[in-house]
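A.B. asks: what shape does this take:
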Amino acid sequence: MADLASFRTIVYGHVQGVFFRDFTAIHALSLGLTGYVRNLPGGRVLEVAAEGERERLERLVDHLKVGPPGAQVERVETSWTEYTANFSNFSVRR
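C.D. replies: Numbers count the residues shown, from 1 in each chain. Coordinates of the predicted model:
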């Protein structure tokens with residue numbers, strides 16, 4: 001059986017207004033993950049919550065550390081937790 005996990009990641013830097021949410025959703029969906037991505041107040045912070053196979057989650061974190069063209073990622077903080085099956089898909093929250 002696959003090693004399932006969940007994480008919550010906060011991405012800091014120039015991450016809003018640069019297609020970062022859609023970039024995240026495209027990668028999460030291609031990896032078969034569930035969860036969401038959303039901007040947080042302040043204009044320089046993004047939150048990602050995701051669940052699925054740990055190896056695939058780690059690959060998503062690697063993508064978040066780089067971001068889309070135009071983004072400048074300063075810092076990524078990830079908190080890992082047990083898999084909860086709280087999400088049925090991956091969504092972009094507005």
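A.B. asks: which residues sit against the helix or strand hosting residue 65?
C.D. replies: Under the criterion of DSSP states H and E, residue 65 resides in helix 54-66. Under the contact criterion Cβ atoms under 8 Å, 6 or more residues apart in numbering, helix 54-66 has outside partners 2-7, 9, 11, 23-24, 27-28, 31-33, 48, 50-51, 73, 76, 78. From N, CA and C alone the C-beta is placed, and that goes for glycine too.
A.B. asks: now with 10 Å, please.
C.D. replies: 2-7, 9-11, 15, 20, 23-24, 26-28, 30-33, 35, 37, 46, 48, 50-53, 71, 73, 75-76, 78, 80, 83, 90 (Cβ atoms under 10 Å, 6 or more residues apart in numbering).
A.B. asks: all the strands of the protein, in order from the start?
C.D. replies: Using DSSP state E, the strands of the chain run over residues 4-14, 34-40, 45-53, 72-81, 90-93.
A.B. asks: out of the contacts of helix 54-66, which end up buried?
C.D. replies: 5-7, 9-11, 15, 20, 23-24, 27-28, 31, 33, 35, 37, 46, 48, 50-53, 71, 73, 76, 78, 90 (16 or more other Cβ atoms under 10 Å).
A.B. asks: circling back: make TSV from the strands of the chain and add distance to residue 60 and mean pLDDT to it.
C.D. replies: Formatted as TSV, the strands of the chain follow (distance: least, Cβ to Cβ, whole Å; pLDDT from 0 to 100):
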stretch	distance to residue 60	mean pLDDT
strand 4-14	8	98
strand 34-40	9	98
strand 45-53	6	98
strand 72-81	10	98
strand 90-93	10	98
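A.B. asks: got a markdown table for these, with distance to residue 61 too?
C.D. replies: Shown next, in a markdown table, are the strands of the chain (distance: least, Cβ to Cβ, whole Å):
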| stretch | distance to residue 61 |
| --- | --- |
| strand 4-14 | 6 |
| strand 34-40 | 12 |
| strand 45-53 | 9 |
| strand 72-81 | 6 |
| strand 90-93 | 15 |
